[in-house]
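**Student:** need a structure here:
(one chain, ligands or ions: 1)
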Amino acid sequence: MKSGLEDIVAAETRLSDVDGAAGRLVIGGLPLARLVAEYRFEDVAHLLLGQFFGNAAISQAALADARAQVFVHVEALDDLLLAMPPVDAMRVLLGRLEDGDDAASALRLLAGPAVFLPAILRRQRGEAVVAPDQSLRHSADMLQMLRGERPTEEHAAALDGYLVMVSDHGLNASTFASRVIASTGAGLTSSALAALSALKGPLHGGAPGPVLDMLDAIGRPENAPAWLANELAHGRRLMGFGHRVYRVRDPRADALKAVLERLTATGQVDQARIALAEAVEAEALALLARHKPDRPLRTNVDYYTVLLLEAQGFPRDSFTGLFAAGRMIGWLAHAREQATDGRLIRPQSRYIGPVPEAA
Ligand code: ACO
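**Tutor:** Next up is the predicted model:
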């Protein structure tokens, strides 16, 4: 048995490849840098899901139509749901979607986070929800539903960059959850809900909010050494660092930084925030190298995610929901890929409890 199933191969996939030693990520046969530069959210959905549902079915128009369809569910947002963290309220709304296996089910699940998250955030702020606009592409529509006004092309492109970047990543915990559920024959909504539940934990997709809390607590670059050292001295982990597979820098951290730099050029990012993040990163890497000399702990995707999403106007408690909006592509593709295998995932456990006395 290997704790955490580390290094165990539990699936064969054509969807993505994470090379942890080289720091390389391939999605749908393409290198990450090319995807981020040339593909939008709907292009990656088409790339990964078209093979399962038919290329014509997964189109920009069909996705826009699905956003309009799922909008009806925001009516269910009541005080009880609005008192929940956004990702939990979003999970409830996603649970209302039909649990099918077809393209229409997949499209509704792709559309759900993009429509539900902005609606939840606006209602939590006491503002009226904004309906989807089918003339817009996915990322632009999502930003318009959040802000109530048409986003700039730079902002829509930056959100596309983020959603594409997190669209798939090998057999991470949430994707594995999605495949386990799919192997039982349950529908895509069931797979997506299980995956979202796995994602929200702080060791997986729940880390970005705490990264921002850390930057706020540090406040100024000169406070970083003492603050970070104190965290490690108390046995706490530094959020945004370390990864199960990567032993070098997470390639998504660099790709995200590049997206952030493009947005910075438009004057839409707080320069002091970037300077603080860079100073904290340099100090954290130096401290972690001394803290765990045998375990390379490097910057992961969540670190620069927070600066990008903050600059987009998303509050920190919505970051996990946004991660889900991108990763939904991977969850659905893996669920369908697993279903083609047709075999139930059912590993063994080794019993180490008390043995009953013989009768
Ligand atoms: N800060 C301090 N110490 C760390 C960190 C960190 N960020 N990450 C790992 N370590 C230490 C562990 O305490 C452990 O020490 P030990 O052997 O003395 O117990 C050692 O390094 C090895 O850690 P593991 O737990 O075996 O590493 P694992 O592969 O299970 O963890 C994980 C990967 C969960 C991402 C971890 O690095 C972590 O908790 N990071 C902080 C949270 C975070 O940023 N999560 C987002 C990950 S990216 C994503 O999911 C999108």
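**Student:** mind telling me what element V18 is part of?
**Tutor:** strand 16-19 (DSSP states H and E).
**Student:** following that strand, which helix or strand shows up next?
**Tutor:** Once strand 16-19 ends, the next helix or strand along the chain (criterion: DSSP H and E) is strand 24-27.
**Student:** what about the strand holding V18, near the ligand?
**Tutor:** No - counting by C-beta under 6 Å from any ligand atom, the ligand has no neighbours in strand 16-19; the shortest distance is 11.2 Å. C-betas here are computed from N, CA, C, even on glycine.
**Student:** around the ligand, pick out the residues from the stretch 101-250 of the chain.
**Tutor:** L203, H204, G205, A207, R237, L238, M239, G240, F241, G242, H243, R244.
**Student:** flag the least confident of those residues.
**Tutor:** The member of these with the lowest pLDDT is A207, and it reads 76.
**Student:** just give the nearest non-adjacent residue to the residue in the stretch 1-150 of the chain positioned nearest to the ligand, would you?
**Tutor:** Closest residue of the stretch 1-150 of the chain to the ligand, C-beta to the nearest ligand atom: G4 (5.5 Å). The shortest distance from G4 to any non-neighbouring residue, by C-beta to C-beta, 6 or more residues apart in numbering, is to R244 (7.3 Å).
**Student:** against I8, how distant is that neighbour?
**Tutor:** For R244, the distance to I8 equals 12 Å [C-beta to C-beta, to the nearest Å].
**Student:** more neighbours, the two?
**Tutor:** More neighbours surround R244 than the other of R244 and I8, with 17 against 10 (other C-beta atoms under 10 Å).
**Student:** and the residue of the stretch 201-350 of the chain nearest the ligand?
**Tutor:** Closest point on the stretch 201-350 of the chain to the ligand, by C-beta to the nearest ligand atom, is G242, at 2.2 Å.
**Student:** and that residue, what does it touch?
**Tutor:** For G242, the contacting residues are L288, R295, L297, R298, N300, by C-beta atoms under 8 Å, 6 or more residues apart in numbering.
**Student:** taking those residues together, which two end up most distant?
**Tutor:** Maximum pairwise distance among the contacts of G242 (C-beta to C-beta): 13.5 Å, between R295 and N300.
**Student:** of those two, give the one with the bigger neighbour count.
**Tutor:** Neighbour comparison, R295 and N300: the larger count goes to N300, with 21 against 10 (by other C-beta under 10 Å).
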